[in-house]
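dropping a prediction and its sequence here:
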Amino acid sequence: MFSEPMLVETVRANGTGVWVAGLVGRRSERFRRVTLTVDDIASLTIAAILFKSSGGQVDKVAHLPELRFALGEPDVDTTTIDNAATALEESGFFLRKVGTDGYRIHHQATLKKVVSDRRAYLDEDTEIKPALRKMVETEFKAGVTLPAVFFPQESTAVQDTPRLTHIVLDPDDEWNDSSQVVDRVSSWTTRRGESPRLYPGSLVWCARKPGRELRRKVGVWLAWQRVSRELAEGILGAEYDRAERYGVQAQVKEAHEAAKEEVWAGYRFVALADTRERHGLKIIDLGAGHASAGETMCGRVISVLKTEALLNESVGAGYLGRNWPPALKHVGEWPLTSLRQSFLNGALTRLIDPDAILRRQIMAFVASGEFGFASGRGEDGRFDRLWYAEPLAPEEVAFDSNVFLLTKTNAEQLKTKPEIPSDPQPGPAPSPGPEPEPGPEPELGPHPETTLLLSGTAPPRGVEPDRHQAVAKAAFGEGTYHECRDLGDRRRTVCG
């Protein structure tokens, strides 16, 4: 009925032949309530084994063939009996395994009871939590290829850097859609302290699924370690079987491997910045992982991001062409600051090291003639330097606002555009030739009358008989002027 062994805590009658049982999972420690009938109770294999294997046919040992014979029915599978006996031996304190297929119930408790007692006395803050964090950190550091931040307690602990960064949340932070952990991660993704982040797309968060299974397995591992030390120091004596004492180291190793496997299975949620998703985060469920899968925790995250088309090791010319901003297509210029930011804010695919990858690819694109490169735009709109189908030095690729990636068409037009010629330098003056002899002056016909407007200070009245005629002759030379009128402000005269 369940995916784990269950402990019965409460049973109460609920009518004739019906009982309500309160069960607690051995691994998840979750409480469940089930209704059982007479037929259900009769089919409980574990309960039957407890009663029918208490005294076997030889040496008070119940062997598997005897259990199958005693419990076998048309509707009972023998494999179910074998699995039930194994599960009971693993969790029972007074049931020992004898040989390969025998089980014996004895009044002397096994070392598993000692382990259970030692685990109950482990301190949560000083023993379990430090060991749990160290195990998680060890697993994530193995074969790490990204900068990693472990268990940040505030947003300032996570640097704002363009390089992809892996952040591992504390084991106490359980991930679910309605938890405060989601709100905190969403806030820390967009802000660092009181300032907004420049590179929210470079953060990769990893969180643990809900449940206490990881904490329980780490506690079991610590308890087995303590029992091993007590046996070595002689605190635990000869009241336990020699075979059981010799198997303690194997139990310590097995418990450690079980805790490692739970780290892989527990840290299964990855969160990335995505303004189109709820809470501004895109959530990816990695599924249950295995430590024996031949990969690392960091490599597992990178592999899933590549599968989801959220991370690439490089970028091609076709990808840049397809994602060229529509507002910049008509000019054919993309500032490198905007290009770089598109890979850092989640608008385009993520790159492990955006600066190094973009610089390397831009140099290759310009050298092959797929794109052009220009820098230093002047006031006249022309660039100081232009590269197209030629080598480009790495130091020229600076992510500044005055450095541009050009489309192939725009680069070709700028490359073939003629230079504006500069003003020619004055040369030596030509030697004067012989002057032509003057010919007869042409006869002038009657001149049409013209109205002239003169401005200036005229002589006062009475000084000159015809002051308006004098002013006109001074301005325009000799001629016949008549109908000269003073406009009245002593500064303008009209002559016809």
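Cool, the structure landed.

and Phe371, how many neighbours?
25 (other CB atoms under 10 Å). For the C-beta atoms, the positions are set from N, CA and C on the backbone; glycine is no exception.

what residues are up against it?
With contact taken as CB atoms under 8 Å, 6 or more residues apart in numbering, Phe371 is in contact with Ala317, Leu320, Ile362, Phe365, Leu405, Leu406, Thr407, Lys408, Ala411.

which among the residues you listed count as buried?
In the contacts of Phe371, burial by neighbour count holds for Leu320, Ile362, Phe365, Leu405, Leu406, Thr407, Lys408, Ala411, counting by 16 or more other CB atoms under 10 Å.

and which of the residues you listed is nearest Phe343?
Distance ranking of these against Phe343, using CB to CB, places Leu320 first at 10.3 Å.

ramachandran coordinates for that closest one?
For Leu320, the backbone dihedrals (degrees, to the nearest 10) come out as phi -70, psi -40.

these two touch, right, Asp400 and Thr337?
Yes - the criterion here is CB atoms under 8 Å, and Asp400 meets it with Thr337 at 6.4 Å.

and these two? which has more neighbours close in?
For Asp400 versus Thr337, neighbours defined as other CB under 10 Å are more numerous around Thr337 (15 against 12).

any idea which element that one lies in?
helix 336-344 (DSSP states H and E).

for that helix, buried residues please.
Within helix 336-344, the residues that count as buried by 16+ other CB under 10 Å are Leu336, Leu339, Arg340, Gln341, Ser342, Phe343, Leu344.

so what's the second one closest to, chain neighbours aside?
In this case it means Leu339. Take Leu339 and drop its neighbours on the chain: the residue closest to it by CB to CB, 6 or more residues apart in numbering is Leu405, 6.1 Å away.

shouldn't that neighbour be within a helix?
No - according to DSSP: H, G, I helix; E, B strand; the rest coil, Leu405 belongs to no helix; its state is strand.

was I right to think it contacts Phe373?
Yes - using CB under 8 Å, Leu405 is in contact with Phe373, at 6.3 Å.

between these two, which contacts overlap?
Shared contacts of Leu405 and Phe373 (CB under 8 Å, 6+ apart): Ile362.

I'd like the next helix or strand past the worst-scoring helix or strand of the chain on mean pLDDT.
Ranked by mean pLDDT, DSSP states H and E, the weakest helix or strand in the chain is helix 45-52, scoring a mean of 47. Counting by DSSP H and E, the element after helix 45-52 in chain order, helix or strand, is strand 62-63.

what separates that next one from the chain centre, distance-wise?
56 Å (CA atoms, centre = their mean, to the nearest Å).

swap in stretch 62-73?
Remark: stretch 62-73 is offset 56 Å from the chain centroid, using CA atoms, centre = their mean.

could you give me the buried positions within that stretch?
By 16+ other CB under 10 Å, the buried positions in stretch 62-73 come out as Ala62, His63, Leu64, Glu66, Leu67, Leu71.

in a helix, that's where the fourth one is, yeah?
Pointing back at Glu66 there. Yes - looking at Glu66 with three-state DSSP, it is inside a helix.

just the pLDDT at it, thanks.
For Glu66, the model assigns a pLDDT of 79.

check the gap between the closest residue to Gln361 other than its chain neighbours and Leu272 for me.
Nearest residue to Gln361, sequence neighbours excluded (CB to CB, 6+ apart): Val315, at 5.8 Å. From Val315 across to Leu272, the span is 18 Å (CB to CB, to the nearest Å).

between the two, which one's more packed in?
For Val315 versus Leu272, neighbours defined as other CB under 10 Å are more numerous around Leu272 (23 against 20).

where does the stretch 301-450 of the chain have low pLDDT?
Applying pLDDT under 70 to the stretch 301-450 of the chain flags residues 417-450.

buried ones in stretch 168-176?
Val168, Leu169, Asp170, Pro171, Asp173, Glu174, Trp175.

what of stretch 360-368?
Neighbour-count burial for stretch 360-368 flags Gln361, Ile362, Met363, Phe365, Val366, Ala367 (criterion: 16+ other CB under 10 Å).

cool, stretch 125-134 as well?
Ile128, Lys129, Ala131, Leu132, Arg133.

okay, and which of those residues map to strands?
The members of the buried residues of stretch 125-134 all map outside strands under DSSP state E.

need those in TSV (columns: pLDDT and distance to Glu194).
Formatted as TSV, the buried residues of stretch 125-134 follow (pLDDT from 0 to 100; distance: CB to CB, whole Å):
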residue	pLDDT	distance to Glu194
Ile128	93	35
Lys129	94	30
Ala131	94	36
Leu132	94	32
Arg133	94	28
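
make TSV from those residues and add distance to Arg377 to it.
As requested, the buried residues of stretch 125-134 are arranged in TSV below (distance: CB to CB, whole Å):
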residue	distance to Arg377
Ile128	62
Lys129	58
Ala131	60
Leu132	57
Arg133	53
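
among these, which one sits closest to Lys112?
Lys112 has its nearest neighbour among the buried residues of stretch 125-134 in Ile128, at 19.1 Å by CB to CB.

ok, that closest one touching Arg215?
Yes - the criterion here is CB under 8 Å, and Ile128 meets it with Arg215 at 6.5 Å.

any idea how many residues pack against Ser155?
Ser155 has 19 neighbours, counted by other CB under 10 Å.

now it. Nearest residue, chain neighbours left out?
Once flanking residues are discounted, Ser155 sits nearest to Trp188: 4.1 Å by CB to CB, 6+ apart.

may I see the buried residues of the helix or strand hosting that neighbour?
Using DSSP H and E, the secondary-structure element containing Trp188 is helix 180-190. Of all the residues in helix 180-190, those buried under the rule 16+ other CB under 10 Å are Val181, Val182, Val185, Ser186, Trp188, Thr189.

who are the packing partners of it?
With contacts taken as 3 or more CB pairs under 8 Å, 6 or more residues apart in numbering; DSSP states H and E, helix 180-190 sits against strand 203-207, strand 269-273, strand 281-285.

avg pLDDT for whichever helix in the chain runs longest?
Secondary structure of the chain per DSSP state H: the longest helix is helix 213-233. Averaged across helix 213-233, the pLDDT comes to 91.

put the alpha carbons of the next helix-or-strand element following it into PDB.
Remark: after helix 213-233, the chain's next helix or strand is helix 242-246, criterion DSSP H and E. Taking Å, rounded to 0.1, in the frame of the first residue of the first chain, the C-alpha atoms of helix 242-246 are listed here in PDB:
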ATOM      1  CA  ARG A 242      31.200 -11.300  16.500                       C
ATOM      2  CA  ALA A 243      29.800 -11.300  13.000                       C
ATOM      3  CA  GLU A 244      27.700  -8.300  13.900                       C
ATOM      4  CA  ARG A 245      30.700  -6.400  15.400                       C
ATOM      5  CA  TYR A 246      32.800  -7.100  12.300                       C
END
